[in-house]
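Asks: my questions concern the predicted model and sequence given below.
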Amino acid sequence: MTIKDIQNWEKRFALKTGIGSKERVNIAVFKLIEEVGEVAKAILENRWDEVQAEVSDVIIFACKIANIAEDFHGMDKLENVLKRKMKYCETRKFDKRSQKFNKPPSREFK
């Protein structure tokens, strides 16, 4: 399964709901925040049997937001941005002393 597969599924699912684009983005943002919290809670409570399902929800709602950005705001395809972001991440170095990754200059990623 690819990111594009998930985005296509989400588009078909969104059409079934009949929710408008403005409502879709508001719902998606709040649901994404909720689902990230559920991932954290499952990890902190050592409920690893629930983590994958909660991560799946995060991915679905993130793809929903990416679809809205692409379809209604003319943004680049999520797949393309992910490729560039991964390439950028490979240039970052971990500082053991500060326990942080550096942030090389990038016009696209801040």
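Replies: Done, it's in.

Asks: make it CA atoms for all contacts and neighbour counts henceforth
Replies: Fine.

Asks: residues touching the residue most central in space within the chain, list them.
Replies: For the chain, the residue sitting closest to the mean C-alpha position, by Cα atoms, centre = their mean, is residue 62 at 3.5 Å. Residue 62 sits next to 28, 32 when contact means Cα atoms under 8 Å, 6 or more residues apart in numbering.

Asks: quick one: pLDDT of it?
Replies: Per-residue confidence (pLDDT) for residue 62: 97.

Asks: repeat for residue 21
Replies: As predicted, residue 21 sits at a pLDDT of 69.

Asks: and this protein, what are its domain boundaries?
Replies: Per automatic domain parsing, the structural domains of the chain span 3-75, 84-110.

Asks: mind showing which ranges of the chain have poor pLDDT?
Replies: Within the chain, the ranges that satisfy pLDDT under 70 run 20-21.

Asks: could you look up the SS state of the residue sitting furthest away from the middle of it?
Replies: Distance from the C-alpha centroid of the chain, by Cα atoms, centre = their mean, peaks at residue 97 (29.4 Å). Per DSSP: H, G, I helix; E, B strand; the rest coil, the secondary structure class of residue 97 is coil.

Asks: need phi/psi at it.
Replies: Backbone geometry at residue 97, expressed as degrees, to the nearest 10, gives phi -70, psi -50.

Asks: returning to what we had before: the residue nearest to the centre of the chain falls within a helix, correct?
Replies: Yes - Residue 62: assigned to a helix according to three-state DSSP.

Asks: report the separation between it and residue 93.
Replies: Using Cα to Cα, to the nearest Å, residue 62 is found at 27 Å from residue 93.

Asks: list the contacts of residue 67.
Replies: Residues in contact with residue 67 (Cα under 8 Å, 6+ apart) are 7, 11.

Asks: okay, and it sits in which element?
Replies: Assigned by DSSP states H and E, residue 67 falls within helix 48-73.
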